[in-house]
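Asker: pasting the structure only:
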């Protein structure tokens, strides 16, 4: 049985799914949040969280690893793309290739010693998109991090009072979407100085569907 909050969550998710006309592709389901009484011009007040959804994303998440040697070997079979150190410049010197990489990959992992060169050569493309790699020590096993990233969403407000975060895909059971939503909201409320009082409103919607009020 769902507790009161969970019951409200699943009812809202169901309303959002029912309100959205069927599409020929699998839409994402997301929450749109409007903040209040918070100064987002101050960087420490901004939301920038990686949240591992308990029921996953409901779609394929692409992960790229910048690595050589032992880490590259361990990443083989787990990562969608492995970029060796000598290949970084090929992306950095080709703006279209670099942008295509940033667009096609959801998350990046990098061997820690490669972070300075990635920052210098690709930071201008990856940084603004919130896709700078997660560093790992040389020789570390990247597989656990890669697997967790496949269930991860990044929640970023930047300096805007309104921002969006995915909670899954329309193909997922409503109960799974509701569990993801409850988990994400608990994380978000824990980061806001005044919790629920810093949220003016929140809505659930599919990619192209109408918004249904949640808070």
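Answerer: Arrived safely. Remember, predicted model here, so these are calculated numbers, not experimental data.
Asker: which ones are touching the nearest residue to residue 109 once chain neighbours are set aside?
Answerer: Setting aside the residues directly before and after it, residue 109 is nearest to residue 65 in space (CB to CB, 6 or more residues apart in numbering), at 4.7 Å. For glycine as for every other residue, the C-beta is placed from the backbone atoms N, C-alpha and C. Residue 65 makes contacts with 71-72, 75, 79, 81-83, 108-110, 142, 146, as judged by CB atoms under 8 Å, 6 or more residues apart in numbering.
Asker: now do 6 Å
Answerer: Listed by CB atoms under 6 Å, 6 or more residues apart in numbering, the contact set of residue 65 reads 75, 79, 82, 109, 142.
Asker: okay, these in TSV with pLDDT and secondary structure next?
Answerer: Converted to TSV, the contacts of residue 65 look like this (pLDDT from 0 to 100; DSSP: H, G, I helix; E, B strand; the rest coil):
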residue	pLDDT	secondary structure
75	96	helix
79	97	coil
82	97	strand
109	97	strand
142	96	coil
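Asker: where does the residue nearest to residue 109 land on pLDDT?
Answerer: Predicted confidence (pLDDT) for residue 65: 98.
Asker: Now do the helix or strand encompassing residue 155: which elements does it pack against?
Answerer: Using DSSP states H and E, residue 155 sits in strand 152-156. Strand 152-156 is packed against strand 48-52, strand 162-169, with contacts defined by 3 or more CB pairs under 6 Å, 6 or more residues apart in numbering; DSSP states H and E.
Asker: if you compare these, which one is most tucked away?
Answerer: Most buried of these, by mean neighbour count (mean count of other CB atoms under 10 Å): strand 162-169, with a mean of 20.
Asker: So for that one, mean pLDDT?
Answerer: Taken as a whole, strand 162-169 has a mean pLDDT of 96.
Asker: helices and strands around it, which ones?
Answerer: strand 28-35, strand 152-156, helix 174-191.
Asker: could those go into a markdown table alongside mean pLDDT and mean neighbour count?
Answerer: What follows is the helices and strands packed on strand 162-169, written out as a markdown table (pLDDT from 0 to 100; neighbours: other CB atoms under 10 Å):
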| stretch | mean pLDDT | mean neighbour count |
| --- | --- | --- |
| strand 28-35 | 97 | 21 |
| strand 152-156 | 92 | 19 |
| helix 174-191 | 94 | 19 |
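Asker: possible to save the ones you listed as JSON lines with distance to residue 49?
Answerer: As requested, the helices and strands packed on strand 162-169 are exported to JSON lines (distance: least, CB to CB, whole Å):
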{"stretch": "strand 28-35", "distance to residue 49": "12"}
{"stretch": "strand 152-156", "distance to residue 49": "5"}
{"stretch": "helix 174-191", "distance to residue 49": "6"}
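Asker: hang on, isn't residue 200 packed against residue 34?
Answerer: Yes. Using CB atoms under 6 Å, residue 200 and residue 34 qualify as a contacting pair, with a distance of 4.4 Å.
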